[in-house]
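S.K.: When you get a sec, could you give me coordinates for this:
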Amino acid sequence: MLKKIEFGILAAILVSTGSIAPAFAQSTRPATTPAPEAQFVPRAQVKLNGDRVNITLINLTNAAITYQAIGDTEIRTLPGRGTVNLQGLRVPTTLTLDRQDSGLLNVTPKEKAPGTIEVTLDATTDLGIDSPTLRLESNGSVFLY
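M.R.: Alright, predicted model coming up:
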């Protein structure tokens with residue numbers, strides 16, 4: 001005995017009219033994606049002395065923050081109200097940051113001296129300000145994502 005399969009009204013109309021859209025629509029984006037420096041405005045600029053940089057992280061929150069300089073450090077923890085100096089990081093470099101209490105971060109980079117960036121990490125409730133990734137390009141431009 002065959003079991004009758006029923007369609008919903010909307011499914012029956014779509015099948016009978018041939019109006020089913022493809023699962024993946026054509027992208028209107030250009031074939032090549034522009035580099036980050038072409039998409040975003042740098043948040044800071046640092047004069048570099050060669051291919052290394054020093055970064056000072058200052059945690060103004062009461063929460064611990066895990067961080068990693070991709071390719072240079074393992075995942076580490078910066079305690080609440082703590083400070084750490086990362087020396088001799090290779091440029092370009094990417095620094096990831098994550099508050100252990102899942103809160104948002106307001107990241108503020110500024111050049112302290114040639115080849116040195118001071119990054120303050122403060123709490124925010126504005127999702128538009130949250131930037132858990134810092135990228136330093138070889139030209140000294142600092143981007144937040």
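
S.K.: Which secondary structure elements does the host helix or strand of Thr120 sit against?
M.R.: In the assignment (DSSP states H and E), Thr120 maps to strand 116-124. Using 3 or more CB pairs under 8 Å, 6 or more residues apart in numbering; DSSP states H and E, the elements in contact with strand 116-124 are strand 52-59, strand 93-99, strand 104-113. Every C-beta, even on glycine, is put in place using the N, C-alpha and C of the backbone.

S.K.: quick one: stretch 39-53 to chain centroid distance?
M.R.: On the basis of CA atoms, centre = their mean, to the nearest Å, stretch 39-53 sits 16 Å off its chain's mean C-alpha point.

S.K.: all strands for the chain, in order.
M.R.: 44-45, 52-59, 65-69, 76-78, 83-90, 93-99, 104-113, 116-124, 133-136, 141-144 (DSSP state E).

S.K.: and those as a markdown table, adding mean neighbour count and mean pLDDT?
M.R.: Shown next, in a markdown table, are the strands of the chain (neighbours: other CB atoms under 10 Å; pLDDT from 0 to 100):
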| stretch | mean neighbour count | mean pLDDT |
| --- | --- | --- |
| strand 44-45 | 16 | 97 |
| strand 52-59 | 20 | 98 |
| strand 65-69 | 19 | 98 |
| strand 76-78 | 15 | 98 |
| strand 83-90 | 14 | 98 |
| strand 93-99 | 19 | 98 |
| strand 104-113 | 17 | 98 |
| strand 116-124 | 18 | 98 |
| strand 133-136 | 21 | 98 |
| strand 141-144 | 20 | 97 |
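
S.K.: Gly71: how many residues sit nearby?
M.R.: Neighbour count for Gly71, taken as other CB atoms under 10 Å: 10.

S.K.: Can you give me every residue that contacts it?
M.R.: Contacts for Gly71 (CB atoms under 8 Å, 6 or more residues apart in numbering) come out as Arg90, Thr93, Thr94.
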